[in-house]
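S.K.: Sequence and predicted structure, then a few things I'm wondering about:
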Amino acid sequence: MNKDKKLILWVEDNPDDELLTLHALKENHIKNEVVVAHDGAEALDYLFGTGMYECRDLSIMPQVILLDINLPKLNGLEVLSRLRSDERTELLPVVILTSSSEEQDVISSYKLGANSYIRKPVDFDQFTEAVRNLGLYWLVLNEVPSKKGS
């Protein structure tokens, strides 16, 4: 994979939401590589090069992580906490993209270091527009540090 390509890590356990998101990305001509992790443990394996991702090139990190909260094995808040506690991942942009409407989830997400919290719209057209805006902002406009401390 090209190190300059902006990769998206999408952490989602619902196959319908996964297909909907991938379709919305395609509809909006967002051609970035999308790695899908189906639970919190798989997301951490990908990011830290463990488990089935032990041979992954760790110099290539996602430009943005789209993280659901309600995940099996480790929930999204546990994943976020782990990301923020490790210097290799503490600065990665994390967007909570979830159907949860619990105010406590919003508060906890920001306290743990989420960069944004987006409730998934139910309507496909609204969802497609939300994905378009996500792609525009996080993959085109947002700047991330190239290395910690530089």
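M.R.: Perfect, I can see it now. Numbers count the residues shown, from 1 in each chain.

S.K.: contacts, neighbours, all on C-alpha from now
M.R.: Fine.

S.K.: For this protein, name the helix or strand with the lowest mean pLDDT.
M.R.: helix 124-134 (a mean of 76; mean pLDDT, DSSP states H and E).

S.K.: list the buried ones in it?
M.R.: 127-132, 134 (16 or more other C-alpha atoms under 10 Å).

S.K.: just stretch 12-30 next, same as before
M.R.: 12-13, 18, 21-22, 24-25, 28, 30.

S.K.: Farthest-apart pair in those, please.
M.R.: Across the buried residues of stretch 12-30, the longest distance by C-alpha to C-alpha is 22.5 Å; it joins D13 and N28.

S.K.: how about low-confidence regions in the protein?
M.R.: Within the chain, the stretches with pLDDT under 70 are 1-4, 121-122, 138-142, 146-150.

S.K.: Show me how far the helix ranked longest in it is from its chain's centre.
M.R.: Secondary structure of the chain per DSSP state H: the longest helix is helix 15-27. Chain-centre distance of helix 15-27: 14 Å, with C-alpha atoms, centre = their mean, to the nearest Å.

S.K.: circling back to that earlier point, would you list the buried residues of stretch 12-30 in JSON lines and tack on distance to E143?
M.R.: Below are the buried residues of stretch 12-30 laid out as JSON lines (distance: C-alpha to C-alpha, whole Å):
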{"residue": "E12", "distance to E143": "25"}
{"residue": "D13", "distance to E143": "28"}
{"residue": "E18", "distance to E143": "26"}
{"residue": "T21", "distance to E143": "23"}
{"residue": "L22", "distance to E143": "23"}
{"residue": "A24", "distance to E143": "23"}
{"residue": "L25", "distance to E143": "20"}
{"residue": "N28", "distance to E143": "21"}
{"residue": "I30", "distance to E143": "17"}
